[in-house]
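# below are the sequence and a predicted model for it; my questions follow.
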Amino acid sequence: MVAEEERIAKAALAEIPDDGVLILDAGTVTERLAAQLPADHGYTVITNSVSVALVLASRTDITLHVLGGRLHRRAGATLAMSRELEGLNVDVAFVVPGGVSFDRGLTSGDPAEASGKKAIMNAARSVVLLADHTRIGYDRLSRFAAFDEVDCLVTDTGLDPESATRLSARVPRLLRV
């Protein structure tokens, strides 16, 4: 899914305002997004991802905040960071769901991870969902959000036409790249 994730990350760049405050959720696609952030735009990046933090650690043009909490080793993300996000003023959150269920909305395989994703969404004025086509139609253990809580869903062209039609009726903007 390398090529698909590269296209998703590149398309997601258009959702970032100059001097923006961003939250990058854990995931390989957000790592790719972090690596593509243009220089000298005054970004502040908040992340729960160890990998995203490592990608951005040497960037002196970015203010980087790493959220604390217990490390979910499989996800490479910290958990239980809800309190750290309370009161923050974030422009856009980039969230990577474990699954996008047509019946239940956005899902995750771990309840603590789902809680963290919900906190990330609650801290932002705009939520951009980054989900390659293999996550669409897939339901995981814990539901963390409904489709109407998302401003944009960016996926790849591997998404079948029927699923694209169903998603277009549920999310304000669907981008297939």
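Here it is on my side, so go on.
# what about G69, neighbour count?
Neighbourhood size, G69 [other C-beta atoms under 10 Å]: 16. For the C-beta atoms, the positions are set from N, CA and C on the backbone; glycine is no exception.
# for it, phi and psi?
phi 130, psi 180 (degrees, to the nearest 10).
# sec struct for S163, please.
helix (DSSP: H, G, I helix; E, B strand; the rest coil).
# kindly provide the distance from the nearest residue to it once chain neighbours are set aside to D160.
With sequence-adjacent residues excluded and distances taken as C-beta to C-beta, 6 or more residues apart in numbering, S163 is closest to I136, at 5.3 Å. As judged by C-beta to C-beta, to the nearest Å, I136 and D160 stand 8 Å apart.
# ok, which stretches of the protein are helices?
Taking DSSP state H as the test, the helices found in the chain are 2-12, 28-36, 50-56, 82-85, 111-122, 161-168.
# TSV please, covering those and showing mean pLDDT.
Output for those, formatted as TSV (pLDDT from 0 to 100):
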stretch	mean pLDDT
helix 2-12	97
helix 28-36	97
helix 50-56	96
helix 82-85	81
helix 111-122	92
helix 161-168	96
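# partners of the residue nearest the centre of the chain in the sheet?
Here the mean C-alpha position of the chain is nearest to the C-alpha of V95 (C-alpha atoms, centre = their mean), at a distance of 1.8 Å. Counting by DSSP bridges, V95 is bridged to L129.
# now do the one 5 residues further on
On DSSP bridges, the residues paired with V100 through beta bridges are L106, I136.
# many thanks, we can stop here.
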